[in-house]
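Peer 1: Got a predicted structure plus its sequence, pasted below:
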Amino acid sequence: MNANNGIISQLSQYSVPVTIDRLEAVLQVKGITIFARIDQQAEAEKVGLSLCPTQLLLFGNPKAGTSLMVAEPTIALALDLPLKVLVWEATDGKVWVSYNDPNYLKQRFSLSDELVK
């Protein structure tokens, strides 16, 4: 696990589509709302550009997210809500899963342990 500027990146043993499919399935089982899934490689190809496989998943729990926004309204402005996970393939073929470190968000917005939980 690598933490850099509040971002955690973990290596995946699966391809980008399989990794994000698996993440989406786990989140759905837990009752987490999936707001959007963006295939950034496909969008790049539409405008004639090349990008390694890259997909972004936006998800959250409106009940928990609303409490966070009540406590600190700028958390939504800072683009930290809804939560996001980026699954991307590096030029060496390795697939990574990257997301905001919850402790970074806690510190950035002075959130209580109860809200971060």
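Peer 2: On my side now, so go ahead.

Peer 1: shaky segments in the chain?
Peer 2: For the chain, the stretches flagged by pLDDT under 70 are 1-3, 72-82, 116-117.

Peer 1: give me phi/psi at the residue of it most remote from its centre?
Peer 2: For the chain, the largest distance from the centre (Cα atoms, centre = their mean) belongs to G48, which lies 25.8 Å off. Dihedral pair for G48: phi 80, psi 20, per degrees, to the nearest 10.

Peer 1: for N61, same thing?
Peer 2: Dihedral angles for N61 - degrees, to the nearest 10 - are phi -120, psi 100.

Peer 1: Please list all residues in contact with the closest residue in space to it that isn't next to it in sequence.
Peer 2: Nearest-residue entry for N61: I32, 5.7 Å, with adjacent residues in sequence omitted and distances by Cβ to Cβ, 6 or more residues apart in numbering. Just so you know, the C-beta spots here come from the backbone N, C-alpha and C atoms, and that holds for glycine as well. Counting by Cβ atoms under 8 Å, 6 or more residues apart in numbering, I32 touches 59-61.
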